[in-house]
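> how would this look folded up:
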Amino acid sequence: MSGFVEKPEPAQVPGLEHLHTGKVRDLYRNAAGDLVMVASDRQSAYDWVLPTEIPDKGRILTQLSLWWFDQLADLVPHHVLSTDLPEGAPEDWAGRTLVCKSLRMVPVECVARGYLTGSGLAEYRQTRTVCGLALPEGLVDGSELPAPIFTPATKADVGDHDENVAYEEVARRVGPETAAELRQLTLAVYGRGRDIARERGIILADTKFEFGFDGDALVLADEVLTPDSSRFWPADEWEPGHAQPSFDKQFVRDWLTSPAAGWDRHGEQPPPELPTEVVDRTRAKYVEAYERLTGVPWAY
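Purely as a prediction, here's the structure:
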């Protein structure tokens, strides 16, 4: 059992049709047919959307994505049309709202990995492969791969795991030409992001992208290169052989699996409220990631 501890009621805004409530984002359609994407402060972990929010998280994700879209514009077009608030929208939507092109979304999570960890590490330990791609012997948690790899996954509903799939399965689902273009774009965007992050003392271990079609052209959608969609590690603390410190919700995961939480992640009970200290430390990590990457103080 997993999903929302308590599913929020979407805001009702004149002229907007509510389409979907996701783990973090609420999706609407305006009268022109464009999508309105609102990033909340909701936090997820272990396939649950937690009952405690992380203040400013949605704004940080939105503003960081906008910064990255600018850094990547010469590689791939993006879906953002405007950051203007729709008329009648709640004041709290400011800074966390994007008006976007309505795309024909590709039903694949496009994952790039430059380092071995997470589900890739689990598969490697069993088969010496990740998504069917053979890797050298002797790699450990946090090892840099010989070259970045494209390791796609299927998209999951709220409460379910994304499932890694082989490249051949992507080609079967979307066609060989689209699969090849997805792989090329994913690795190109990852490479740009990795290089920019490295200049700022951050390792981009892995990340996932979503693409959709605007006519015949693939367009980068959703969020991009944020702490929610990527693993960012401080470069000066990188030490293969164990889990790395990261700029994301690791404080949340660690607390939920600690005796202090009193929660069984494999049981059927929903997770408890997060203590203030965990919320504050998690927010600080999101802010630090934004500031180190963009070079701009967080002051929304």
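> can you map out the strands along the stretch 51-200 of the chain?
Read by DSSP state E, counting those that start in this stretch, the stretch 51-200 of the chain holds these strands, from start to end of the chain: 80-82, 97-100, 104-105, 110-115, 129-130, 133-134, 144-150, 153-154, 163-164.
> Deepest-packed of those, please.
Burial among those, expressed as mean neighbours by mean count of other C-beta atoms under 10 Å, is greatest for strand 110-115, which shows a mean of 24. Any C-beta I mention is one placed from the backbone N, CA and C, and that applies to glycine too.
> ok, for Thr21, nearest residue in space, not its chain neighbours?
The shortest distance from Thr21 to any residue that is not its chain neighbour, by C-beta to C-beta, 6 or more residues apart in numbering, is 5.8 Å, and that residue is Pro10.
> Correct me if wrong: the one you found contacts Asp26.
Yes: Pro10 is within contact range of Asp26, at 5.5 Å (criterion: C-beta atoms under 8 Å).
> any shared contact partners between these two?
Shared contacts of Pro10 and Asp26 (C-beta atoms under 8 Å, 6 or more residues apart in numbering): His18.
> Name the residue in the two with the higher neighbour count.
Neighbours of Pro10 and Asp26, each counted by other C-beta atoms under 10 Å, are more numerous for Asp26; the result is 23 against 15.
> What are the phi and psi values at that one?
Its backbone dihedrals place Asp26 at phi -110, psi 140, with angles given as degrees, to the nearest 10.
> beta partners for the closest residue to it other than its chain neighbours?
Closest residue to Asp26 apart from its sequence neighbours, by C-beta to C-beta, 6+ apart: Val38 at 4.6 Å. Taking DSSP bridges as the rule, Val38 bridges to Asp26, Thr97.
> Check the gap between Val38 and Gly58 for me.
Applying C-beta to C-beta, to the nearest Å, the value for Val38 to Gly58 is 7 Å.
> what is in contact with the two at once?
Taking C-beta under 8 Å, 6+ apart as the contact definition, Val38 and Gly58 share the neighbouring residues Arg25, Arg96.
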